[in-house]
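Novice: sequence first, predicted coordinates after that:
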Amino acid sequence: MSQPSMLLAAEESGHAIGEASGWFLENAWLIPVIPAVAFFLILFFGKKLPRGGSEFGLAAMLGSLVIAAGATWQWISSTTSHYDEAGNYEVEPVIREIVWWQSGPYEFGLGQHIDGLAIMALLLVAFISTLVQLYSTEYVNGDRRYTHYFAALTLFSSGMLAMVLAPDMVQLILGWEIMGLCSFMLIGHWWEEQANSKAALKAFFTVRVGDMGLLVGTAMLLAIFGTLQISEINALAAAGEFDSQNMLMWTAVALFIACIGKSGQFPLHTWLPDAMAGPTPVSSLLHSSTMVVAGVFLVARIYPVFHVGLDINAAGQSVNLIAAIGGITLLVAAALAFVQNDIKKVLAYSTVSQLGYMMMGLGVGAWTGAVFHIFTHAFFKCCLFLAAGSISHTAAHHSFDMKKDMGGIWKKMPVTFGAWMVSTAALMGIPFTAGFFSKDEIIDSAKHFEYTWFYYAGIIGAFMTAAYMTRATYLTFFGKPRGAAAHYMGVEHDTHGEVHEHSAHPDEAEHADGHIPDHTVDAHDDHGHDDDHAHDGHATHGRPLPFAPFDSPWKITAPLIILAALAVGAGYLNAPALKIYWFEHQTESSIGLPIDHGDDHGGEETEEPHGDEEALVVSEVAAGANGPFASAAEGGDHSYEPSGPYAVPAPPVFTWANAAPGLILVALGILVSWFASLAVFARRKNPFSPFVGLTTRSRPIGALHSFLVNKLYLDHLYEKVIVRAVAHPIAKAAYWFNQNVIDGIVNTVGTVTRRLGGWVYRNIDQRVVDGAVNASGTAASESGHALQPVQSGKVNQYGALLFGAAGIGAILLIILNG
Amino acid sequence: MYAFNFLLLSAALFSFGIYGVIARKNAVMVLMSIELILNSVNLNLVAFALMNNSIDGHVFALFVIAIAAAEVGVGLAMVLMIYRNRRSIALDELSEMKG
Amino acid sequence: MDPFKNNELLTIGTFLPLVGVVIMMFISAAEEQLHKMIAIVTAGATLVVGIITLLQYDYDASGQLQFVVNEEWISVINSNYNIGLDGISLPLYFLSMVVTFLVALYTYDNMPDAGSPKMFLMLMLILQVGMAGSFIAQDLILFFVFFEIVLLPMYFMIGVWGGEDRQYASLKFFLYTMFGSALMLVAFLAIYYNTGAESFAFQHLYEAGAGIGRNTQIWIFTGMFIGFAVKVPMFPFHTWLPDAHTQAPTQGSVILAAILLKLGTYGFVRIALPMLPQGAEAWAPVIAVLAVIGIIYGALGCLAQTDMKRLIAFSSVAHMGFVMLGISTLTVTGINAALFGMVAHGLITGMLFFIAGSVKHRYHTLEISRLSGMLIQVPKLGWLLGFSAMASLGLPGLAGFWGEFPALLASWNPNDAILGDQLELYRVLTVIAALGTVLAAAYLLWLYQRTAFGNPSPEFMPEAPAARSLSAAANDEHHDHHAADDIHDVTPLEWIAWTPFLVAIVVFGVYPQLMFEIMDPAVVELVNVIEAGVG
């Protein structure tokens, strides 16, 4: 939201050099707080309101957007009025904290850390969230959990905003996990269907697996640096003030594992396509500016830790963990995007692939390129998702299946089609769209910093991106209308055609036959919520724009138009091809590492302060026209030699020659894919016709196809092997151990004690001790019985006895004495 | 020698007494036999007292006579009561004291 | 007001419930409502005294004992009536009052089936005396007496008002704890005689205990360890817990989870560690290993459960594992985390047991496989279950997180001065414990998915003749009336009893400093005592 007039007005508000200030910057912490408060308001009062709480959500996001825009304006005015002689826009971040918790020597803060990166992300998130909220008021209108939807959506934005302005790792974790929670709530929004609740569970759980790395990595950061404050961590890492490089490397690895989980990097990317079970606006928010970007953002946020820990840009390094994971992800996900029938899944894999680009960019040291790609990607990917939602909402009767329910709808949905095409161009990286500027910088940097493998990965990825997007575009907008789309287009539903198509394309028949059960199950799942959530007469609510009478209502198309405009326009904030480095200047102080300019960077020689975006463009172009970079480029010395231990290299200088291979591959991708689509889906005769049905004719290719359709069998590994093993045999075994061994020991001790007691009782107590007592009794009794006859009761007998006894006694006496 | 005769007489009386106590059924006869035994003892006491020139034996003999009188009194009373209750004083029919 | 002079406040707060007990003794058992009212009023009055204590407490001097009383008690053995409150005991002392009050309130509508509220509530009030007393006692014998007072009421609560297997469970509970107590008492006497038989006062023993020889300390610590570990409960002394929890009435489960288990961990923090620092040094790695085994093991146990209440009970083993892991680090952060974890676990697991009780009340079963679609039938209860599950799995922003995460931070960085040579062990344990957070998410979300999501099972659907005939065919004779008749959402009384729990979970989760601020100075003092004793 950098309006020129605001920028000019801000010129006067600058203070001492290197300090950014202003009300909005000081109070940026309000940006996440407002939606958080709105969340509670929606939760408690939403149902009583006429619009079910969506007014709170939308108002809160607008409020956040206003503050974010104000902060952006004040930040830009600070940076543009304070730059040093070398042309660096060094501005101290605005850090404000309160003590969140204390523990002995440590104090951990809650507050804000505002710098270029945070500002960029805040503005982006607030802006996209606002559009998504607006779009949602139409898209989920009439849903039975409308209020809860907005509550979760608002909290979701709040989480992301809290994360991006975190001054402290703990607050970052807070935002990170809140997003995890909200993604759980939103992906599982239609939880009546088991498939949706499973997808929600999977998303939360997969991310949680990665979060182990975040928790442990944070503990490691505390061990290494003795603080969790992000600015201090960055400063200490950049200054080399740590004991063990090795430990720092493991810290970076641990934290990166969290990013793998959150940003859907290989091999934990499998939750992302399943997450399409949620409502489309959620997918668009999740995949553009929040959630999945969080992982990339984390790497960018504490970049010195990764850069130093993984020795990125060290001389002779040709591969590192981040670049490798990013590179693998971008290729694997692009390959997977080819075999999807669900339009949202194509976009999901495309997101994964683009996140791979960002990670790869960070891995090769192209911080600015990667961060700028976050920025541009958010607009065009959000636009693509919303366009897919628009098609599904209006034309395809809530289906997302490109092969069954779409086709030929470009004529009736001009706004959606236009937005889709512009965004697709940006995604492919067609020159002069936003995607070109950001993606090209990443690819170019990979080559320039001698990560050659990743350069090839980048351009092959560009080829694949162009190809799968062409396929998706063809299936969605061109060809014959099918299924629901045919109905919408007013074409008679051509069942014959469909049958023909099925029989004509064995690869499709293969799915239908259930040869690949997982895939068919997935396809079924996606329909689950739509059936459940059937609206009738979807054309009746809302009103389309007047110039496009058949398209979706304005609440859907307006965000599309804005986003499509930005899908092109956002690129001009940092267009090396046009010598524009404005975005770079705004954010470069957030890298946390000095920039090693090596051979001087042309764009930074400009000395006039630029208050105005347009003026900036012009002046940069003018200043850069005969800058020294040209000679450097001509000199052909592109190899990078680090000058200090810890510094990021300056981005390479753009030349069309360097960009050419990528562009040629993109063009090739479009052409190949277009003709292949015509051959496969429309049975048009062309050079690709011989390849039709190859997946069934050739065993290896068929195997590759099903390998891709089954998502590389990673889901099998996770769900059928690991999760099932833990949930069943291992847990059962542990429980068995508990019940039979530990409890067994306890019970055995109990039983043995009881038995012992019984034995003692029976044998010792009863027989010996009591036995003695009883025996004396018995003896007395027995002897009594024996003598009973003596006691005859007859006095004379008594007398006889008496005297007898006396006589015997007398005799004894006599004998003894005698 | 002198004492021997007394003792011999006393022993004979004692033996008659014992026989009476054990063999007679009539309670009065048993009482009388007991008198015989007591008096045989008295005879012994007096004889020994004479022999030893001591007065102790005489004193004991007098005691025994007094107690024998009391005993006969109580005994006859009991016999009378038994007779009243059972119309018989045959001792072999009395076995209430049987244990 | 000067908290150092207001001496009778703790005594009143601790023994006030006995007044209620005495009054109830003289009232006929038939007056059930009256008994309930008396119990609620007594518990409420106790809570008011607790609030006054909170208000008069000097938060700037949280590291010192306040409201101290030291009167002669049993002079023959030099045992005094010595009580006091500092930052370590205050949260738990107050928590016990809150929990008892809310449980009494909850009982008003939810008397366990065995009836006789008179006995039940009297036992509950006596229980409160024991719990509060344990947290304020500053004398070993006094502590022991209070510690044991707790035992009997709980035994009867489980044994009389419990579930089907109550005899076994209550006896197991009783014998297990008595066994621990016996060793504990021996340890107490040993420490008394080894310090010259002068006094049982904590403060005295903090100073004198360190002077005992290392081997003797280790032996005495062993006795205390077993005594407290049974109560915590730590692996492998935990097996009484699932049985006791499963069989206990809801009220018993809540009190057991919220307060009783904390007596063990509190004992470690307050008695075992500072009195026997070298014993603690030797035992800390063992405790840490057992704690981490407990974390993983409890989580795996949860995954194998088919009964909701038993699952929650097993999760206690895992959570108390985090608490013990924090304690075993012998750092300020770790012990702070443990204390926070104790309160958080009390609130969250107490809440989960309340919910389990309400589910049982409505569905007459806690079989996870039979429950589903709670969000449709009882949406508010379903939401509360989700909320509590999220809190329990340690979501930041809710209280549970502040027990787990700082414990992990601390166990990666155990006390250098004492456990410097055990660094690798602790770091390996940290990683394994972090795995426990993943498993926690697994079992809780799995529970939630199966019980709350989806559509309600036909068994519990009203107006489902098919289901009715099915259940009739299955000879379900203990349901005379239709199963769905009892199913209603959260009642107003339940809201009243639960809201304080929910609010506390959120408030402490969002702003943990509220509690860390109180505990931290006292814990710093404590760790100083330990470090001085070792060094």
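Specialist: Yep, it's here.

Novice: what's near enough to touch the nearest residue to C:Gly211 once chain neighbours are set aside?
Specialist: Spatial nearest neighbour of C:Gly211, chain neighbours left out: C:Thr195 (7.1 Å); criterion: CB to CB, 6 or more residues apart in numbering or on different chains. (Glycine included, C-beta is placed from N, CA and C.) For C:Thr195, the contacting residues are C:204-205, C:208-209, C:211-212, by CB atoms under 8 Å, 6 or more residues apart in numbering or on different chains.

Novice: please pull out the lowest mean pLDDT helix or strand from chain B.
Specialist: One helix or strand of chain B scores below all others by mean pLDDT, DSSP states H and E: helix B:2-23, with a mean of 87.

Novice: which strands or helices does that helix pack on?
Specialist: helix A:795-817, helix B:27-52 (3 or more CB pairs under 8 Å, 6 or more residues apart in numbering or on different chains; DSSP states H and E).

Novice: chain center to that helix, what's the gap?
Specialist: 11 Å (CA atoms, centre = their mean, to the nearest Å).

Novice: before we move on, what about stretch A:313-323?
Specialist: Chain-centre distance of stretch A:313-323: 25 Å, with CA atoms, centre = their mean.

Novice: ok, and for that stretch, which residues are buried?
Specialist: Residues of stretch A:313-323 classed as buried: A:313, A:317, A:320-323 (neighbour count, 16 or more other CB atoms under 10 Å in any protein chain shown).

Novice: repeat for stretch A:773-793
Specialist: Buried residues in stretch A:773-793 (16+ other CB under 10 Å): A:Ser792.

Novice: ok, now stretch A:215-228?
Specialist: For stretch A:215-228, by 16+ other CB under 10 Å, it's A:215-225, A:227-228.

Novice: setting aside sequence neighbours, what's the nearest residue to C:Glu531?
Specialist: Per CB to CB, 6+ apart, closest to C:Glu531 is C:Ala417, 5.5 Å.

Novice: same thing with A:Ile460?
Specialist: Nearest one to A:Ile460, counting by CB to CB, 6+ apart, is A:Leu331 at 6.6 Å.

Novice: tell me the spacing between the one you found and A:Ser673.
Specialist: 16 Å (CB to CB, to the nearest Å).

Novice: same drill for these two, tell me which one is more crowded.
Specialist: Higher neighbour count among A:Leu331 and A:Ser673: A:Ser673, with 23 against 19, using other CB atoms under 10 Å in any protein chain shown.

Novice: what about A:Thr394, how many neighbours?
Specialist: Neighbours of A:Thr394 (other CB under 10 Å): 24.

Novice: same thing with A:Asp115?
Specialist: A:Asp115: 25 neighbours (other CB under 10 Å).

Novice: contacts only, for it.
Specialist: Going by CB under 8 Å, 6+ apart, A:Asp115 touches A:91, A:93-94, A:587, A:589-590.

Novice: now do 10 Å
Specialist: A:20, A:75, A:79, A:91-95, A:165, A:230-231, A:301, A:586-587, A:589-592 (CB atoms under 10 Å, 6 or more residues apart in numbering or on different chains).

Novice: check C:Phe94 too.
Specialist: C:Phe94 is in contact with C:13, C:47, C:50-51, C:53-54, C:57, C:85, C:132, C:135, C:343, C:518, counting by CB under 10 Å, 6+ apart.

Novice: C:Phe200 now?
Specialist: Contacts of C:Phe200 (CB under 10 Å, 6+ apart): C:73-74, C:77-80, C:82, C:137-144, C:188-189, C:191-192.

Novice: helix/strand/coil for C:Pro456?
Specialist: Secondary structure for C:Pro456, judged by DSSP: H, G, I helix; E, B strand; the rest coil, is coil.

Novice: how far away is the residue nearest to it when sequence neighbours are not counted from C:Phe453?
Specialist: In this structure, C:Pro456 finds its nearest non-sequential neighbour in C:Gly373, 3.5 Å apart by CB to CB, 6+ apart. As judged by CB to CB, C:Gly373 and C:Phe453 stand 7 Å apart.

Novice: hey, what's in contact with both of those two?
Specialist: Listed as contacting both C:Gly373 and C:Phe453 by CB under 10 Å, 6+ apart are A:191-192, C:382.

Novice: fine by me, thanks again.
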